[in-house]
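# Just to be clear, the model below is a prediction. Sequence and coordinates:
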Amino acid sequence: MWTPADPDALPSPNEIELTRDAIQQLQDAIQDILEQARLRIVPLEKDIEARRGWIAPVRKLPIEILTEIFLYSRAVSELSPITISEVCRLWRRVILATPQAWTLIYLRTEEHDRDDTQYLTTFIERSDPYPLHLWMPADRPYSYERDVPFPLSRLIVSHRKRITCLSVRGEELKKHMRKSFPNLTSLAVVETAKSPLLFTRARFPRLTYLHSWECELIPGPIGTQYPPLQYLFIFSNDELIEGDGWLRVLEACSATLKGLAIRGQIFDEPPTLVTEIRFPMLTYLFVDEFIDSLGSDTALPTFYASVPNIISYDNRIVTNSTTVLHDNVESVQHLRVAIISDIAIYTSLRTLQLVLVTVYSRRG
């Protein structure tokens, strides 16, 4: 390596080049030393982590508690069981021996690839024989023109007896109108169906929760038996469904309902037939007239609810907000409204919330 003969002298152009070459050689030597050190440090760090893991307090947790933690972790990430299985041999052994941890399956719709197929297959196999929860998150993007990955048709048909909770597009559900779901208790339609859907007890004998804001329900012929619904989210719009179809569905399920949420067209111009429906077990009622009644003060509600046991009432109606849609307001303890004109009638009120509501104009 070149060294200047006289460090106090000014370098010549040739000496400058020689010095730069020497600097580069020194820098390369430093990099070689650092690389050799890194090669020695990496195994030492792994050894340290292994020893820390051996004395970690988490190793003292009983398998039963570890299992419970793994079950709770399902809400953190859709792939949490996979992640857990890659931490260590113990955790992998525990998670593979816990089929309940694999029962919550997120239906991912933004991509179509082999990973989706492997993902669903893995969860279905490892969760056997426990009930399945197939969930399409409402905030996930989806396409109206494209089926969900790992053709959902095959998935539903093959494992419908294990499915207890299902979140699905209306059009996918229509493909299996003749198939029954004997153990399904909760169903949410997450995308608007092109035509109304019919839900009968023959297809859904144990269905207690139905979220159908994204589709219209049609009644069956006289004598049709409906599922034993306890919680119903129903869409109402007589412009899309001829006659009072949604009211007939509502009336048929009224005896078992504990919670009811109605969204759509609730008011109409007189003369109109007001249908009175009794809900003996209903404790929660939500109404949202998201289609305004053309700003008319003469429009009347298309139904009147008899709710002797109502406790919670959520009213998002702005147009004709003074019109009472149900009796027995004296029993209401929890009230959420957009507009309130006479709070004195709620004699048992304990909680009051005011909400902001955006009024949309009626289509057409």
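Cool, got the structure. Residues are numbered from 1 along each chain as shown.

# Tell me where the model's unsure across the stretch 251-364 of the chain.
267-272, 290-301, 319-324, 358-364 (pLDDT under 70).

# where do the helices sit along it?
In the stretch 251-364 of the chain, no segments count as helices under DSSP state H, counting those that start in this stretch.

# all strands for it, in order.
Secondary structure of the stretch 251-364 of the chain (DSSP state E, counting those that start in this stretch): strands at 259-264, 267-268, 275-278, 284-288, 300-301, 303-306, 312-315, 334-337, 351-354.

# With distance to residue 228 as added columns, please give the ones you listed in CSV.
For every residue, glycine as well, the C-beta is placed using N, CA and C. Output for the strands of the stretch 251-364 of the chain, formatted as CSV (distance: least, CB to CB, whole Å):
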stretch, distance to residue 228
strand 259-264, 14
strand 267-268, 30
strand 275-278, 17
strand 284-288, 17
strand 300-301, 27
strand 303-306, 19
strand 312-315, 21
strand 334-337, 26
strand 351-354, 30
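
# out of those, which comes closest to residue 38?
Ranking those by proximity to residue 38 (CB to CB) places strand 351-354 first, at 59.9 Å.

# The closest one pairs with which strands, parallel or anti?
Strands that pair with strand 351-354, judged by DSSP bridges, come out as strand 334-337 (parallel).

# Centre of the chain to the longest helix belonging to the chain, how far?
For the chain, the helix with the greatest residue count under DSSP state H is helix 13-55. Averaging C-alpha positions (CA atoms, centre = their mean, to the nearest Å) puts helix 13-55 50 Å from its chain's average.

# Who are the packing partners of the helix or strand just after that helix?
The first helix or strand that comes after helix 13-55 along the chain, using DSSP states H and E, is helix 63-72. When contacts are defined as 3 or more CB pairs under 8 Å, 6 or more residues apart in numbering; DSSP states H and E, helix 63-72 packs onto helix 80-85, helix 89-96.

# which of those is buried the deepest?
Highest mean neighbour count of those: helix 80-85, a mean of 18 (counted as mean count of other CB atoms under 10 Å).

# Residues contacting it, please?
Helix 80-85 has contacts (CB atoms under 8 Å, 6 or more residues apart in numbering) with 70, 73-74, 77, 91-92, 95-96, 101-102, 122-123, 126.

# who touches residue 283 in this structure?
With CB under 8 Å, 6+ apart, residue 283 has these contacts: 258, 259, 309, 310, 311, 312.

# Apologies, that question was intended for residue 222.
Per CB under 8 Å, 6+ apart, neighbours of residue 222: none.

# do the same with the one 4 residues further on
With contacts taken as CB under 8 Å, 6+ apart, residue 226 has the following neighbours: 199, 200, 201, 220, 249, 252, 253.

# Just the buried ones out of these, please.
By neighbour count, with 16 or more other CB atoms under 10 Å, the contacts of residue 226 hold 199, 201, 220, 249, 253 as buried.

# mind checking how far the third one is from residue 226?
Spelled out, that is residue 220. Distance from residue 220 to residue 226, counting by CB to CB, to the nearest Å: 8 Å.

# Need the residues touching each of these two.
residue 200.

# count of neighbours near residue 221?
Counted with other CB atoms under 10 Å, the neighbours of residue 221 add up to 6.

# Could you give the secondary structure assignment for it?
Three-state assignment for residue 221 (DSSP: H, G, I helix; E, B strand; the rest coil): coil.

# before we move on, what about residue 178?
Assignment for residue 178 (three-state DSSP): coil.

# got the contact list for residue 69?
Here residue 69 is in contact with residue 61 (CB under 8 Å, 6+ apart).

# I'd like to know which elements the host helix or strand of residue 120 is packed against.
Using DSSP H and E, residue 120 sits within helix 114-127. Packed against helix 114-127 by the contact rule (3+ CB pairs under 8 Å, 6+ apart) you find helix 80-85, strand 104-106, helix 152-159.

# just the CA coordinates of the first one, formatted as CSV?
Only the C-alpha atoms of helix 80-85 are listed here, as CSV (Å, rounded to 0.1, in the frame of the first residue of the first chain):
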residue,chain,number,x,y,z
SER,A,80,-53.0,-15.5,13.1
PRO,A,81,-53.1,-19.4,13.3
ILE,A,82,-50.6,-19.6,10.5
THR,A,83,-48.4,-17.0,12.2
ILE,A,84,-48.6,-18.8,15.5
SER,A,85,-47.6,-22.1,13.9
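
# Return the distance of that helix from the chain's centre.
That offset, for helix 80-85, works out to 20 Å (CA atoms, centre = their mean).

# One more: the shortest one?
Chain-centre distance of strand 104-106: 10 Å, with CA atoms, centre = their mean.

# Make sure residue 356 is actually in contact with residue 339.
No: Residue 356 is beyond contact range of residue 339, at 10.8 Å (criterion: CB atoms under 8 Å).

# Looking at those two, which has the bigger crowd around it?
residue 339 (14 against 6).
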